[in-house]
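> What follows is a predicted structure for the sequence shown.
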Amino acid sequence: MTIAISHNTQLKAATKPCRFCGTSLRRSFVDLGMSPLCETYPAASDFHRGETYYPLHVFVCEECFLVQLEEYESPDKIFSEYGYFSSYSDSWLNHADTYCEKMVERLSLDRHSFVIEVASNDGYLLQYFAQRGVPVLGIEPAANVAKVAVEKGVSTLVQFFGTQLAKQLAEEGRQADLVVGNNVLAQVPDLNDFVEGLKILLAPQAVLTLEFPHLLRLIERNEFDTIYHEHFSYFSLLTAIRVMETHGLKIFDVEELTTHGGSLRVFANRVEDRTREISPNVQRLIADEKQAGLDTARGYEGFAFQATQTKFDLVEFLLRTAREGKSVAGYGAPGKSATLLHYCGITRDLLPYTVDRSPYKQGRYLPGNHIPIFHPDRIHETKPDYVLILPWNLKDEIMEQLQFIRGWGGRFVVPIPKLSVC
Ligand SMILES: [Zn+2]
């Protein structure tokens, strides 16, 4: 089958250069239209102020294959008051606890060790190291989120991370045996400064672990809604290796995780540390990525077409449901819902409300379309015919929690990778 791609993949007007290698960006990956910042949840009193929409047009660098969005808004504005508290997801907490248990054993961490997490959020992860007697330090720029960590007893610096802070900590003798960065690599506009900083934080034989959504799975599973303004970069293992090597770091192992629709956890150390062998997992995954064409421009074609098909399916379903006089409610208000709903042009007439477990979001609204966010009890009260699961990566957990909707014949709708009603 020949796939017709309607939009021009070779744009003449260059945007900013690649944030890693500096090459001009000319190749479009996908253009998802315009949307507001996805982790800003306005209150009704904010409506009169209006909201700024930014283009969600993603490019792929033809030199290093870093898939990237331009930085339209300063991280300061995005992350200083952040609506995302990691501790509201049970499965994410389990993920953190299991990771700590494994790392304590693998690296023999004890009360003489030191663990630093960059973008430590509300202390969701470091609390488990602290419980095992390992000294920790969190670095988190969002003051409201960091405050919760400190209340839990997780020592946290409210600062943006980069070489400047890393040098300061190193000079104070605070290099770490383990540096953790979960879902932060995508969010840094100055990628080179950030990765250089990570290296500075590492003690001579220390280990760095980074988790980030895996571009290979994002493409394979059509996860276009995980693209949003707060995520500036999207990595294959091939590109991650290249970025790390440029800063004197070597990826010696990699694990595939199911989190965020398919993530990678890479393990890296300093290139000069020869105590760790490179695991066969690294070569295996490089081979998978080459098989998918991610080392050439070919691997990045066709994604835009896939996204359009999903848009048509979802809009068609919601229109049909509305015409049949059936009701739909959303579940969850994750960042990705902003991309999905804006790209598909879905407003309150097709999705009257959503619910979320986070008390921070309840009583507020989704950005842009102002779909209200209620407490999950609202589903009980209104008995919708369909529940559209917006954080589809947590669909099993959510469907288990909401089994009661079967009582009135309610069904679940999952939009990605392909619309399914179950
Ligand atoms: Zn590049």
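The structure has been received and is ready for your questions. Numbers count the residues shown, from 1 in each chain.
> can you give me the helices for the stretch 101-250 of the chain?
Assigned by DSSP state H, counting those that start in this stretch, the stretch 101-250 of the chain shows helices spanning 126-131, 143-151, 163-171, 191-201, 215-220, 237-246.
> Just give me the lowest mean pLDDT stretch among those helices.
Between the helices of the stretch 101-250 of the chain, the one with the least mean pLDDT is helix 143-151; it has a mean of 93.
> which strands and helices sit next to that one?
Applying 3 or more CB pairs under 8 Å, 6 or more residues apart in numbering; DSSP states H and E, we find helix 143-151 packed against strand 156-157. All C-beta spots, glycine's among them, are computed from the backbone N, C-alpha and C.
> Check the offset of the strand it packs on from the chain's centre.
Relative to its parent chain, strand 156-157 has a centroid offset of 22 Å by CA atoms, centre = their mean, to the nearest Å.
> And the contacts of it?
120, 123, 137-140, 146, 149-150, 165 (CB atoms under 8 Å, 6 or more residues apart in numbering).
> about what we covered before: what would the helices of the stretch 101-250 of the chain look like in TSV with mean neighbour count and distance to the ion?
Formatted as TSV, these follow (neighbours: other CB atoms under 10 Å; distance: least, CB to the ion, whole Å):
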stretch	mean neighbour count	distance to the ion
helix 126-131	21	33
helix 143-151	18	31
helix 163-171	16	20
helix 191-201	21	10
helix 215-220	22	14
helix 237-246	19	8
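> Output those as TSV; include the columns distance to Leu264.
Listed next are the helices of the stretch 101-250 of the chain as TSV, based on distance: least, CB to CB, whole Å:
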stretch	distance to Leu264
helix 126-131	21
helix 143-151	24
helix 163-171	23
helix 191-201	15
helix 215-220	9
helix 237-246	6
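> which pair in the contacts of strand 156-157 spans the largest distance?
Gly123 and Leu165 (18.4 Å; CB to CB).
> Up against the ion, what does the stretch 1-150 of the chain have?
Contact residues (CB under 5 Å from the ion) of the stretch 1-150 of the chain with the ion: 18, 20-21, 23, 61, 63-64, 66.
> For ChimeraX, what selects the buried ones among the residues you listed?
Buried residues within these, by 16 or more other CB atoms under 10 Å, are selected in ChimeraX with:
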select :18,20,21,61,64,66
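> Inside helices: which ones of the residues of the stretch 1-150 of the chain next to the ion?
Among these, the subset assigned to helices under DSSP state H is empty.
> how much space between the residue positioned nearest the centre of the chain and Glu101?
Central residue of the chain (CA atoms, centre = their mean): Asn183, 5.5 Å from the mean position. Asn183 is 20 Å from Glu101, where distance means CB to CB, to the nearest Å.
> Ser420 too?
In terms of CB to CB, Ser420 sits 34 Å off from Glu101.
> For the stretch 51-200 of the chain, give me the ranges with low pLDDT.
Along the stretch 51-200 of the chain, the parts satisfying pLDDT under 70 run over 73-88.
> What ranges does the stretch 201-350 of the chain have for its strands?
202-213, 233-234, 249-257, 263-270, 328-331 (DSSP state E, counting those that start in this stretch).
> what packs against the last one?
Using 3+ CB pairs under 8 Å, 6+ apart as the contact criterion, the elements in contact with strand 328-331 are helix 303-323, strand 354-355, helix 377-382, strand 386-389.
> Which of those sits closest to the ion?
Closest approach to the ion among the helices and strands packed on strand 328-331 (CB to the ion): helix 303-323, 17.9 Å.
> okay, the closest one in PDB with CA atoms only?
Taking C-alpha atoms only, helix 303-323 is exported to PDB below (Å, rounded to 0.1, in the frame of the first residue of the first chain):
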ATOM      1  CA  PHE A 303       4.000   9.000  11.600                       C
ATOM      2  CA  ALA A 304       2.100  12.100  10.600                       C
ATOM      3  CA  PHE A 305      -0.300   9.900   8.600                       C
ATOM      4  CA  GLN A 306      -0.900   7.600  11.500                       C
ATOM      5  CA  ALA A 307      -1.800  10.500  13.800                       C
ATOM      6  CA  THR A 308      -4.400  11.800  11.300                       C
ATOM      7  CA  GLN A 309      -6.100   8.400  11.200                       C
ATOM      8  CA  THR A 310      -6.500   8.300  15.000                       C
ATOM      9  CA  LYS A 311      -8.000  11.800  14.900                       C
ATOM     10  CA  PHE A 312     -10.600  10.800  12.400                       C
ATOM     11  CA  ASP A 313     -11.500   7.600  14.400                       C
ATOM     12  CA  LEU A 314     -11.900   9.400  17.700                       C
ATOM     13  CA  VAL A 315     -13.900  12.400  16.300                       C
ATOM     14  CA  GLU A 316     -16.100  10.000  14.300                       C
ATOM     15  CA  PHE A 317     -16.800   8.000  17.500                       C
ATOM     16  CA  LEU A 318     -17.700  11.100  19.600                       C
ATOM     17  CA  LEU A 319     -19.900  12.500  16.900                       C
ATOM     18  CA  ARG A 320     -21.800   9.300  16.500                       C
ATOM     19  CA  THR A 321     -22.200   8.900  20.300                       C
ATOM     20  CA  ALA A 322     -23.500  12.500  20.500                       C
ATOM     21  CA  ARG A 323     -26.000  11.900  17.700                       C
END
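> Touching it from outside, list them.
Counting by CB under 8 Å, 6+ apart, 3-7, 9, 28-32, 219, 222, 224, 328, 340, 343-346, 349-351, 385-386, 413, 415-419, 421 sit against helix 303-323.
> Just the buried ones from these?
28-32, 219, 222, 224, 328, 340, 343-344, 346, 350-351, 385-386, 413, 415-417, 419.
> where does His57 fall, phi/psi-wise?
phi -110, psi 120 (degrees, to the nearest 10).
> so who does it touch?
28, 30-32, 69-70 are the contacts of His57 under CB under 8 Å, 6+ apart.
> So what touches stretch 335-343?
With CB under 8 Å, 6+ apart as the test, stretch 335-343 has contacts from 32-39, 56, 84, 224-228, 230, 307, 311, 314, 330, 346-347, 351, 354, 366-369, 371, 390-391, 415-416.
> Excluding residues flanking it in the chain, which one is nearest Ser155?
Spatial nearest neighbour of Ser155, excluding adjacent residues (CB to CB, 6 or more residues apart in numbering): Leu137 at 5.5 Å.
> Name the residues linked to the one you found by a beta bridge.
On the basis of DSSP bridges, Leu137 is bridged to Ile116.
> Pull the contacting residues for it.
Contacts of Leu137 (CB under 8 Å, 6+ apart): 114-117, 126, 155-157, 174, 176.
> Give me the buried subset of these.
114-117, 126, 156-157, 176.
> Before I go, just wanted to say thanks for your time.
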